[in-house]
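**Q** here is the input, now give the coordinates:
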Amino acid sequence: MSDFASIPLSVEIIIAVLSLCAMSYTGVIATAVNRVTRSEAAEAAAHDAGGKYIANIVNERASAITATHGARVVFAAIFAISTAAALNHFVQNFWLLLVLSLAVIAGGSAIVSFVFPGSFGRKHPLGVIRSVNYVLWVFTKLTALFAGRRDTADDDERETEHEDQLALMVERVSESEAIEDDERSLLHSVFELSRTRVREVMVPRTDMISIGGDESVDRAFSLFARSGFSRVPVIGDSVDDLRGVLYLKDAIRRVHHRVNPKEITVADVMRKPVFVPETKMVDALLHEMQANTVHIALVVDEYGGIAGLVTIEDLLEELVGEMVDEHDVAHPEVEALDDGTFRVPARLPIDDLGELFGLSIEDDDVDTAGGLLAKALGRVPITGSHTVVQGLELAADRFEGRRKRLATIIASLAPEENIDE
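**A** Residues are numbered from 1 along each chain as shown. A predicted model of the protein is given here:
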């Protein structure tokens, strides 16, 4: 340490204190840079000249953080050297000097962490960056020039990290006893909304009820009444040839002017369809449907085919849970009626259905009574649908829920003359 003997002790102490403060503040700066979003930086740039430097720093976020870490290492080295040089005025033994230097460095770092805590950078990120924006901008550009840029990849990693942190915060808040069960459920639903894709909440094409464009509006009224839906997709030759969407209120408005519903076709009244990819996020679609006052959209798969449909009610159910129709009532599992007839749940396994009548029902494609009825019909059952299959006469009975799912089926032994051999 003889090289530092000519430096006054007071100067060495001042250098040590300043370098320690600078080292700690660079950590605060790194926290602030990591905290500011691009939108906040753009807003700052729009309000004052210094804000444009903040925007540039945030756009070069990875390089800016690398620059602050590099500065932190430099200031740490200066602090260590100046501390050792100052102690060397009092201690000549090398090992004792080393121990004392490490102790002072550790203690000084702990003390300054209280002066410049990391939380300061999280609470006042724009103010922290603004205090050093010119210098930081220069070093950010130099770092980007020599070290190369990975800002896009780092931003993606940071976004994922922020989502994980948010998930942890939601989990911790949910564990609080001050949060009610329904509030806890809603909190989780809001968070999961941004992670849910449309294909997870849509009505699949196999469950879609549609109508041909050349059908009469009178026929459409019958379909509306039997299905319970107020919006129905309009198709051409097949489901993939989707022409539009028919709204019940549009049809009523059209025939209200004393037009014979048998004389106009569905194609004359339908609206243009709205298509969305099945990979779209639910929260984004919900905002779009609200902004454009759209209530139903057709979901398209990666090959351009129709994968299903989704309504704004489907999206809202992801937040508040299933919305039950006011006419829905609870039904018993199996209800015996007159003359050996049973009202059974649509979800009743086909083995249990067969046991009610002493029959052995086998089908590799379906597992439930509702599936058996739908397969025999070749379409989605609606009110009045009935058929004979494997010695049983099945008729759609009750529908429930906003999606009008088949709830119960009337099952009875089919007359022998109606059994398809």
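**Q** got the domain boundaries for this protein?
**A** As recorded under automatic domain parsing, the domains making up the chain are 2-152, 198-320, 335-418.
**Q** between those domains, which one is nearest to Glu192?
**A** Comparing the domains of the chain by their distance to Glu192 (CB to CB), the top pick is domain 198-320, with 7.5 Å. Placement of C-beta: from N, CA and C, glycine included.
**Q** off-centre distance for the closest one?
**A** Using CA atoms, centre = their mean, to the nearest Å, the distance from the centre of domain 198-320 to the centre of the chain it belongs to is 24 Å.
**Q** quick check, central residue of the protein?
**A** Closest residue to the average C-alpha location of the chain: Ser194 at 1.7 Å, with CA atoms, centre = their mean.
**Q** ranking helices and strands of the protein by mean pLDDT, which lands last?
**A** In the chain, the helix or strand scored least confidently by mean pLDDT, DSSP states H and E is helix 151-174, which has a mean of 56.
**Q** flag every buried residue along stretch 82-98.
**A** Using 16 or more other CB atoms under 10 Å as the burial criterion, the residues of stretch 82-98 that qualify are 82-88, 91, 97.
**Q** tell me the least confident of the residues you listed?
**A** Between the buried residues of stretch 82-98, the one the model trusts least by pLDDT is Leu97, at 73.
**Q** any idea which element that one lies in?
**A** Applying DSSP states H and E as the criterion places Leu97 in helix 94-115.
**Q** now swap in Val388 and tell me
**A** Val388 is part of strand 386-389 when elements are defined by DSSP H and E.
**Q** now do that strand: which elements does it pack against?
**A** For strand 386-389, the helices and strands in contact under the criterion 3 or more CB pairs under 8 Å, 6 or more residues apart in numbering; DSSP states H and E are helix 369-377, strand 392-400.
**Q** may I see the buried residues of it?
**A** 387, 389.
**Q** got any ranges where this protein has weak pLDDT?
**A** Where the chain drops to pLDDT under 70, the residues are 1-6, 39, 49-50, 109-122, 144-191, 258, 321-332, 401-403, 417-421.
**Q** can you give me the strands for it?
**A** Residue ranges of the strands in the chain, as given by DSSP state E, are 203-204, 211-212, 231-235, 242-247, 275-277, 296-300, 306-311, 335-336, 342-345, 386-389, 392-400, 405-413.
**Q** okay, those strands in CSV with distance to Phe224 next?
**A** Shown next, in CSV, are the strands of the chain (distance: least, CB to CB, whole Å):
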stretch, distance to Phe224
strand 203-204, 17
strand 211-212, 9
strand 231-235, 7
strand 242-247, 9
strand 275-277, 23
strand 296-300, 14
strand 306-311, 15
strand 335-336, 28
strand 342-345, 25
strand 386-389, 20
strand 392-400, 13
strand 405-413, 17
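**Q** right, so of those, which gets closest to Ala106?
**A** For those, the distance to Ala106 is smallest for strand 275-277, at 55.9 Å, taking CB to CB.
**Q** pull up the pairing partners for the closest one, direction included.
**A** strand 296-300 (parallel) (DSSP bridges).
**Q** kindly export the partner strand (C-alpha atoms) in PDB.
**A** Once side chains and other backbone atoms are set aside, the C-alpha atoms of strand 296-300 remain, and they are given as PDB (Å, rounded to 0.1, in the frame of the first residue of the first chain):
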ATOM      1  CA  ILE A 296     -70.900 -14.200 -31.200                       C
ATOM      2  CA  ALA A 297     -67.800 -15.200 -33.200                       C
ATOM      3  CA  LEU A 298     -66.900 -18.200 -35.200                       C
ATOM      4  CA  VAL A 299     -63.700 -19.900 -34.200                       C
ATOM      5  CA  VAL A 300     -61.300 -21.000 -37.000                       C
END
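**Q** what sits closest to Gly236 if chain neighbours are left out?
**A** Setting aside the residues directly before and after it, Gly236 is nearest to Arg243 in space (CB to CB, 6 or more residues apart in numbering), at 5.4 Å.
**Q** tell me who's in contact with that neighbour.
**A** 213, 234-236, 267, 270, 273 (CB atoms under 8 Å, 6 or more residues apart in numbering).
**Q** which among the residues you listed gets closest to Gly340?
**A** For Gly340, the closest of the contacts of Arg243 turns out to be Ile235, at 39.9 Å, with distances computed as CB to CB.
**Q** and the closest one, how far from Ala22?
**A** Using CB to CB, to the nearest Å, one obtains 70 Å as the distance from Ile235 to Ala22.
**Q** with Phe224 instead?
**A** Going from Phe224 to Ala22 by CB to CB gives 74 Å.
**Q** between these two, tell me which one has more neighbours.
**A** More crowded of Phe224 and Ala22, by other CB atoms under 10 Å: Phe224, with 21 against 18.
**Q** circling back to that earlier point, residues contacting the residue nearest to the centre of the chain?
**A** The neighbours of Ser194, taking CB under 8 Å, 6+ apart as the test, are 281-283.
**Q** right, I'll call it a day here.
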